[in-house]
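# below are the sequence and a predicted model; questions follow.
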Amino acid sequence: MPHLTSPNATKQGTGLHIGLGIPGFAHPLVAPAEWAELTRPRSASLHWVVLNVADGPGSRPDPHCLEAAGRLRNAGIRVLGHIDATYGARSFGEMVSDAQRYIDWYKVDGFFLDRCPTERTSLPEIRRTVTTLRAIRADAHVVLGHGTHPYPGYAESADQLVTFSGPWSDYRWSQVAEWTADYPPDRFCHFVHGVPGPHLDEALRIARWQGAATIYFTDRTDRGGRTDPWETMPGYWDEIVSRIGTGVSE
């Protein structure tokens with residue numbers, strides 16, 4: 001299988017600790033159980049949670065989102081504001097404005113730039129955006145949501161890159177870009193939907209071999225692009241939390 005020949009396999013060995021990154025549940029009024037579950041004591045590492053109020057911060061503060069974000073932050077969990085980069089189509093000013101509202105209204109710890117471009121030509125603008133985000137929020141944790149392997153220079157511009165976001169049918173045969181071996185696994189994230197419960201161990205092994213320390217796997221699907229598979233918690237949530245907390249066998 002292709003993932004077994006990952007350039008990260010030898011470098012990372014068996015010591016990689018995987019944790020969860022939550023791409024963003026539905027609004028707390030729609031998914032109250034999901035948001036409440038995140039603050040329960042657990043052994044697995046929860047790296048961060050994306051807060052997406054209304055395809056961004058919304059036009060005014062939302063008290064339900066403020067409460068949900070506050071509970072997470074009080075529990076020591078990093079909250080990231082969702083900013084849509086629209087593959088480079090959104091302006092610098094629009095993205096910075098979104099970021100400022102997230103800080104003012106929800107006191108976020110960083111930002112998730114969804115639909116981030118991947119091309120070399122877009123790198124200077126993304127670098128400028130990230131630099132500004134860190135200027136308006138000291139120590140901001142910035143994740144670039146490419147969904148695939150971008151031009152390598154992006155790895156120098158953010159704390160983490162999402163280098164895979166898609167269905168299990170693609171992930172199980174995926175291969176990692178060779179340049180990722182130059183970076184530690186805590187720089188990379190994988191989001192995979194449609195992962196059947198019996199294949200959960202296999203999916204976790206792929207993440208380890210490819211050197212991704214932050215993951216989110218779910219059995220939910222996008223139904224051919226008609227739904228958001230990240231909005232609800234996977235049916236095997238307790239199982240994946242338990243397996244991550246105790247380590248993954250090779």
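Cool, the structure landed. Numbers count the residues shown, from 1 in each chain.

# number of residues surrounding the spatially closest residue to residue 196 that is not a sequence neighbour?
Counting by CB to CB, 6 or more residues apart in numbering, residue 196 lies nearest to residue 219, which is 6.4 Å off, once chain neighbours are set aside. (Glycine included, C-beta is placed from N, CA and C.) Here the count is done by other CB atoms under 10 Å, and residue 219 has 19 residues near it.

# now do residue 33
Residues near residue 33, counting by other CB under 10 Å: 10.

# isn't it up against residue 232?
No. In this structure, residue 33 is not within contact of residue 232 by CB atoms under 8 Å, at 9.1 Å.

# quick one: the strands in the protein?
For the chain, the strands defined by DSSP state E cover 19-22, 46-51, 79-84, 110-114, 141-145, 160-167, 188-193, 214-218.

# mind listing the helices for this structure?
8-12, 32-37, 63-74, 92-106, 123-136, 168-171, 200-210, 237-246 (DSSP state H).

# can you redo those helices as a markdown table with mean pLDDT?
What follows is those, written out as a markdown table (pLDDT from 0 to 100):
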| stretch | mean pLDDT |
| --- | --- |
| helix 8-12 | 45 |
| helix 32-37 | 95 |
| helix 63-74 | 96 |
| helix 92-106 | 98 |
| helix 123-136 | 97 |
| helix 168-171 | 98 |
| helix 200-210 | 96 |
| helix 237-246 | 86 |
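
# which of these is buried the deepest?
Among the helices of the chain, judged by mean count of other CB atoms under 10 Å, the one packed with the most neighbours on average is helix 200-210 (a mean of 21).

# which other helices and strands does that one contact?
Helix 200-210 is packed against helix 8-12, helix 168-171, strand 188-193, strand 214-218, helix 237-246, with contacts defined by 3 or more CB pairs under 8 Å, 6 or more residues apart in numbering; DSSP states H and E.

# among those, which comes closest to residue 117?
Among the helices and strands packed on helix 200-210, strand 188-193 comes nearest to residue 117, with 16.9 Å by CB to CB.

# report the angle between that closest one and helix 200-210.
Here strand 188-193 points in a direction 150 degrees away from that of helix 200-210 (axes from the mean of the first three to the mean of the last three CA atoms, to 10 degrees).

# now find how far off-centre strand 188-193 is within its chain.
How far strand 188-193 lies from its chain's middle: 7 Å, per CA atoms, centre = their mean, to the nearest Å.
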